[in-house]
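**Student:** Sequence first, predicted coordinates after that:
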Amino acid sequence: MNAPTAPTARTAPVSHHRHPRLPLRLHPSASWGVPAVLAVLYGGWVMFVTHNQGSTIPTAAVFGVVSAAVVGALCYALGRMTPGLMPEIRAVLYGTVLGCALGFLHSVSGGSVYRSAGIGLGAGLVMVGMSFYVFHVRAEHPRA
């Protein structure tokens, strides 16, 4: 009486795999192209903010070019030297660069030193956490 009336099909085992990731193959020019684009954007932003704060155009341009050169060099160095480092150190380096860059931008825009330091510290800590997570997920699930 408790027997099923129709034959039951055996269900397939449930698979808990993730969607396959697309392989990320960067072009060789990305090692200098990405830092160059970031440097131009950052330098332009610094120049715009500096000029809006009352500086003359040549002074703002020099400030923007120097800032762009520093950020470009740091981003290039991070991209070239950090792939062999531990994920924790890489995360701290990325967070440090972002925190310093955003804190400096806020300082240029006329913010107080304490507020600029707080914004830079907050942004840097968020970047450390996010990059730490990304580097560890990538290490646990390597791409084929």
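**Tutor:** That came through fine.

**Student:** got a list of what V62 touches?
**Tutor:** By Cβ atoms under 8 Å, 6 or more residues apart in numbering, the contact list for V62 is empty. From N, CA and C alone the C-beta is placed, and that goes for glycine too.

**Student:** One more pass at 10 Å, please.
**Tutor:** 47, 50, 55-56 (Cβ atoms under 10 Å, 6 or more residues apart in numbering).

**Student:** in the longest helix anywhere in the chain, what's buried?
**Tutor:** What stands out as the longest helix in the chain, according to DSSP state H, is helix 113-140. Within helix 113-140, the residues that qualify as buried are 116, 119-120, 123-124, 127-128, 131-132, 135, counting by 16 or more other Cβ atoms under 10 Å.

**Student:** do stretch 32-45 as well
**Tutor:** Residues of stretch 32-45 classed as buried by neighbour count (16+ other Cβ under 10 Å): 35, 38-39, 42-43, 45.
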